[in-house]
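Colleague: Build me a model from this:
(one chain, ligands or ions: 1)
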Amino acid sequence: MTREMHPLRWGDPAAASPLPEGARALVEAVFGPAEPHAERPSALAAPSVPDEFVQAAHAAVGHDHVLLDDDTRRLRTRGKSTPDLLRARAGDLADAPDAVVRPGTHDEVVAVLEAAVEHHVAVVPFGGGTCVTGGLAARRDGYSGLVSLDLARLDRLVEVDPVSMTATLEPGLRAPEAEELLAGHGLTIGHFPQSFEYASIGGFAATRSSGQASAGYGRFDAMVVAVTVATPTGTLQLGTSPANAAGPDLRQLVLGSEGAFGVITSVTVRVRKVPEVKVYEGWRWPSFAEGTAAVRAVAQSGLQTTVLRLSDETESAVNLADPDAINGSGGSSTDGCLMVVGFEGDSDLVAERRAAVTRLLTDLGGEAVGEDPGRAWEHGRFRAPYLRDSLLDLGVLVETLETATFWSGVENLYAAVKGALETHLDQPALVLCHVSHVYETGCSLYFTVAAKQSADPVEQWWRAKRAAMDAIAAQGATISHHHAVGTDHRPWLEAEIGTVGVRILRAVKAELDPAGVLNPGVLVP
Ligand SMILES: Cc1cc2nc3c(=O)[nH]c(=O)nc-3n(C[C@H](O)[C@H](O)[C@H](O)COP(=O)(O)OP(=O)(O)OC[C@H]3O[C@@H](n4cnc5c(N)ncnc54)[C@H](O)[C@@H]3O)c2cc1C
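Modeller: Residues are numbered from 1 along each chain as shown. Below you'll find the predicted structure:
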């Protein structure tokens, strides 16, 4: 049984904690009196998909798994970016699919794609529905209908190879269920994005997701050793060895393909043993620049941490990700910049690495502030999306964007994006940032904004986001480190990969999906 998210909110609202009084007072102090925003009832247009397609889908997956009712279609409309939530809350469900089709096997996926091609129906693969870049809002003009291909029934742990330390999973498995199944074998994937509670294995592969423990476990695409993909022109099965020199690595065409080239129907990932010990601790730095230099020193030291992140001054003070901290009881830093360093693994190895990193950070002038901030971060790591809903309820716009660059460009990128967001939000606003996902050569910068909502908060965000994206492109940084391209970032993709790169993507699309039924308007410019 699929765990469904609320159509207008993140996750299960019953799991959300109420906004602490102190947080509400802080919100009013920064943004003025709360202006609660009402939700408007939404009506869906009647489904318009050819009967012949519906019949073919019935034949492919069975009657019970072709759904045209409003409630199901509502739950498969767009993803969970703030504009997605704001539009849904305002009653705008214009991107709702005409039908939701739920295949249970690879062959059923193939049969649905054949029917979609025959009847020229657009197909939107749907994993966990946590997308924040418009990747579930495909173009529907020119098609006879648009269906959501819900992969939730493809939810098996297919195989564990404890010798090679790999596991093969179906794409519709949500991350917590995948971890639970693997824990039964004493194993973990180690992929814990903030969307962990609802995102799926297929979605991670399709967006090249990166989790909060990426310093230790790596990005999701780096964990994938094999994939199976159903495309309208045939099945691709890739990954026969841990590494190869058999020409360009075609797995990389699948990872990050966002449903535009095919439907991922199985993913084999490298797994690790469930760690014996987990330790997360805090360090304080006088400034973001000094903290960033320390993060770089750790990343380039060869001393592996599992988690390594650093908040800038504003984020350290506000600590938006932890409502208790806003309330003054979370034990987090309120001056300087807070770094969280985490270690997972066998106890001896953790002790050894921790001692070495402690020596390095102490020599660099960091102040160890103990395990409380690390525990507060661990406790609050999946709560921020619920906090976003509480703030939206009060008329505060909250949204995030992320990018990455080489270490030599980090300072300029930070200033340019922060400046663009502050200038273009037009209302009292806070812009917070943290460094996360660190590499020897650079890191990702993750920005969170909180601003008083204007009369048109979707356009308010877009004005700021456009300016930030232009700034990112001008700095030569990436338009996405882990949220992917979707429809939202597509206008900036050519700036990143050039006209030849765009032609390659179009050529691959033309080869695998000549009728263009897969996620039209997503990813490929
Ligand atoms: C609150 C919040 C926090 C987030 N935090 C993180 C984070 O820490 N790190 C991170 O990387 N991302 C994060 N994200 C973004 C999002 O969770 C990731 O992009 C995630 O990988 C999407 O997985 P999903 O299963 O929800 O995919 P979906 O949202 O269902 O789909 C995403 C895209 O992939 C396509 N797709 C899905 N499944 C398949 C498949 N089997 N075959 C082909 N195409 C497919 C879809 O058509 C769509 O274009 C966050 C999002 C939210 C809302």
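Colleague: quick one, what contacts the residue of the stretch 101-250 of the chain found nearest the ligand?
Modeller: Ranked by Cβ to the nearest ligand atom, the top residue of the stretch 101-250 of the chain for proximity to the ligand is Gly203, at 2.0 Å. The C-beta positions use only the backbone N, C-alpha and C, and glycine is treated the same way. Gly203 is in contact with Gly127, Gly128, Thr130, Cys131, Pro171, Ser209, counting by Cβ atoms under 8 Å, 6 or more residues apart in numbering.
Colleague: hmm, stretch 156-174 in reach of the ligand?
Modeller: Yes. Stretch 156-174 comes into contact with the ligand (Cβ under 6 Å from any ligand atom), by way of Pro171.
Colleague: residues in contact with that stretch?
Modeller: Identification of contacts with stretch 156-174 by Cβ under 8 Å, 6+ apart yields 3, 127-128, 150-155, 178, 181-182, 185, 187, 189, 197-203, 205, 225-226, 242, 263-272.
Colleague: May I see the buried residues of that stretch?
Modeller: Residues of stretch 156-174 classed as buried by neighbour count (16 or more other Cβ atoms under 10 Å): Leu157, Val160, Thr166, Ala167, Thr168, Leu169, Glu170, Pro171, Gly172, Leu173, Arg174.
Colleague: need the residues you listed in CSV with pLDDT, can you?
Modeller: As requested, the buried residues of stretch 156-174 are exported to CSV (pLDDT from 0 to 100):
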residue, pLDDT
Leu157, 98
Val160, 98
Thr166, 98
Ala167, 98
Thr168, 98
Leu169, 98
Glu170, 98
Pro171, 98
Gly172, 98
Leu173, 98
Arg174, 98
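Colleague: Could you save these as a markdown table and add columns showing secondary structure?
Modeller: Shown next, in a markdown table, are the buried residues of stretch 156-174 (DSSP: H, G, I helix; E, B strand; the rest coil):
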| residue | secondary structure |
| --- | --- |
| Leu157 | strand |
| Val160 | strand |
| Thr166 | strand |
| Ala167 | strand |
| Thr168 | strand |
| Leu169 | strand |
| Glu170 | coil |
| Pro171 | coil |
| Gly172 | coil |
| Leu173 | coil |
| Arg174 | strand |
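Colleague: mind checking how far Val160 is from Thr423?
Modeller: Per Cβ to Cβ, to the nearest Å, Val160 is found 52 Å from Thr423.
Colleague: and the stretch 251-400 of the chain, which of its residues are near the ligand?
Modeller: So the stretch 251-400 of the chain meets the ligand at Glu258, Gly259, Val263, Ile264, Pro385 (Cβ under 6 Å from any ligand atom).
Colleague: Dump those into JSON lines; add neighbour count, secondary structure and pLDDT as well.
Modeller: Below are those laid out as JSON lines (neighbours: other Cβ atoms under 10 Å; DSSP: H, G, I helix; E, B strand; the rest coil; pLDDT from 0 to 100):
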{"residue": "Glu258", "neighbour count": "25", "secondary structure": "coil", "pLDDT": "98"}
{"residue": "Gly259", "neighbour count": "28", "secondary structure": "coil", "pLDDT": "98"}
{"residue": "Val263", "neighbour count": "27", "secondary structure": "strand", "pLDDT": "99"}
{"residue": "Ile264", "neighbour count": "30", "secondary structure": "strand", "pLDDT": "99"}
{"residue": "Pro385", "neighbour count": "21", "secondary structure": "helix", "pLDDT": "94"}
